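Visitor: here's my sequence, what's the structure:
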Amino acid sequence: MEINLIAEGFKFMVLGMSTVFMFLILLVFILNIQAKVLTKFFPQKSVAENAGGKVARAKSTDNLAVVAAIAATLKTYKK
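Guide: Okay, here's the model as predicted:
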């Protein structure tokens with residue numbers, strides 16, 4: 001009785017990889033369905049429904065802080 005270990009190893013590799021691939025495909029489909037269900041029952045509020053101008057001002061100050069941090073990092077790096 002001769003067992004070809006390379007062929008057996010290849011069979012197990014294909015079986016394992018196909019199992020993982022099918023699991024990942026199933027996971028993607030389930031997450032897409034979950035996203036559709038959640039957006040149906042819990043829709044996102046638009047920016048207009050929120051505090052309007054306060055949101056825009058908060059975003060601009062956050063952007064300025066990020067730009068200042070990047071500029072300080074570059075200045076320190078160039079020294």
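
Visitor: which stretches of this structure form helices?
Guide: For the chain, applying DSSP state H gives helices covering 5-41, 53-78.

Visitor: possible to save those helices as CSV with mean pLDDT and mean neighbour count?
Guide: Every C-beta, even on glycine, is put in place using the N, C-alpha and C of the backbone. Rendered in CSV, the data for the helices of the chain read as follows (pLDDT from 0 to 100; neighbours: other CB atoms under 10 Å):
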stretch, mean pLDDT, mean neighbour count
helix 5-41, 96, 10
helix 53-78, 79, 10
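
Visitor: domains for this protein, by residue range?
Guide: With domains defined by automatic domain parsing, the chain comprises 1-44, 46-79.

Visitor: next one: the first one to chain centre, how far?
Guide: Its chain's C-alpha centre and that of domain 1-44 lie 18 Å apart, by CA atoms, centre = their mean, to the nearest Å.

Visitor: now do the contacts for Gly16.
Guide: Contacts were defined as CB atoms under 8 Å, 6 or more residues apart in numbering; by that measure Gly16 touches no other residue.

Visitor: quick check, pLDDT for Asn50.
Guide: You'll see Asn50 listed with a pLDDT of 55.

Visitor: CA atoms only: put stretch 10-18 into PDB for me.
Guide: The C-alpha atoms that make up stretch 10-18 are tabulated as PDB, following Å, rounded to 0.1, in the frame of the first residue of the first chain:
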ATOM      1  CA  PHE A  10      -2.300  18.900  -1.800                       C
ATOM      2  CA  LYS A  11      -5.800  17.500  -1.200                       C
ATOM      3  CA  PHE A  12      -5.900  18.800   2.400                       C
ATOM      4  CA  MET A  13      -4.600  22.200   1.200                       C
ATOM      5  CA  VAL A  14      -7.300  22.600  -1.400                       C
ATOM      6  CA  LEU A  15     -10.000  21.400   1.000                       C
ATOM      7  CA  GLY A  16      -8.800  23.900   3.700                       C
ATOM      8  CA  MET A  17      -8.400  26.800   1.300                       C
ATOM      9  CA  SER A  18     -11.800  26.200  -0.300                       C
END
